[in-house]
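Undergrad: take this sequence and fold it.
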Amino acid sequence: MANKSTGKGGSVRFKLIPAPRGTGIVAAPIPKKILQFAGIEDVYTSSTGHTRTPENFIKACYAALCHTYTYLSPDLWTKTENITSPFGRHAQLLEE
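TA: Predicted structure coming up:
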């Protein structure tokens, strides 16, 4: 995870904050299971609102996870081949 992301479900606001490697998942038991299933390894979490309502708490956690996929980091960019420009291909002809 490269950036902070937030999610909202009912009155609950849930924030995911990147953590240094080896930190693990610092979260309450409910979102910790969801984040483990999502494959996230190192993250801090913060939540506000009525987190005792598990449905809204889970919904906010899921919304924050969905927001992490809206940002394309460079490692997710598709590979493209560099095509030489016509000027580069025909440089010798242009020099004459």
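Undergrad: which residues of the protein fall in strands?
TA: Here the chain has its strands, by DSSP state E, at 5-9, 12-18, 25-26, 43-48.
Undergrad: now do the third one: everything it contacts.
TA: Contacts with strand 25-26, where a contact means CB atoms under 8 Å, 6 or more residues apart in numbering, come from A19, K32, L35, Q36, I40, E41, D42, V43, Y44, T45. Heads up, the C-betas are built off the backbone N, CA and C, glycines and all.
Undergrad: 6 Å instead?
TA: With CB atoms under 6 Å, 6 or more residues apart in numbering as the test, strand 25-26 has contacts from K32, L35, V43, Y44.
Undergrad: list just the nearest of the residues you listed to S85.
TA: V43 (43.6 Å; CB to CB).
Undergrad: now the closest one: how far from F87?
TA: Remark: distance between V43 and F87 (CB to CB, to the nearest Å) = 48 Å.
Undergrad: those two: who's more crowded?
TA: Comparing V43 with F87 by other CB atoms under 10 Å, the one with more neighbours is V43, at 22 against 8.
Undergrad: any idea of the mean pLDDT for stretch 55-62?
TA: Throughout stretch 55-62, pLDDT has a mean value of 95.
Undergrad: what does stretch 73-91 give?
TA: Model confidence over stretch 73-91, given as mean pLDDT, is 80.
Undergrad: just give me the longest helix of the protein.
TA: Looking across the chain with DSSP state H, the single longest helix is helix 54-68.
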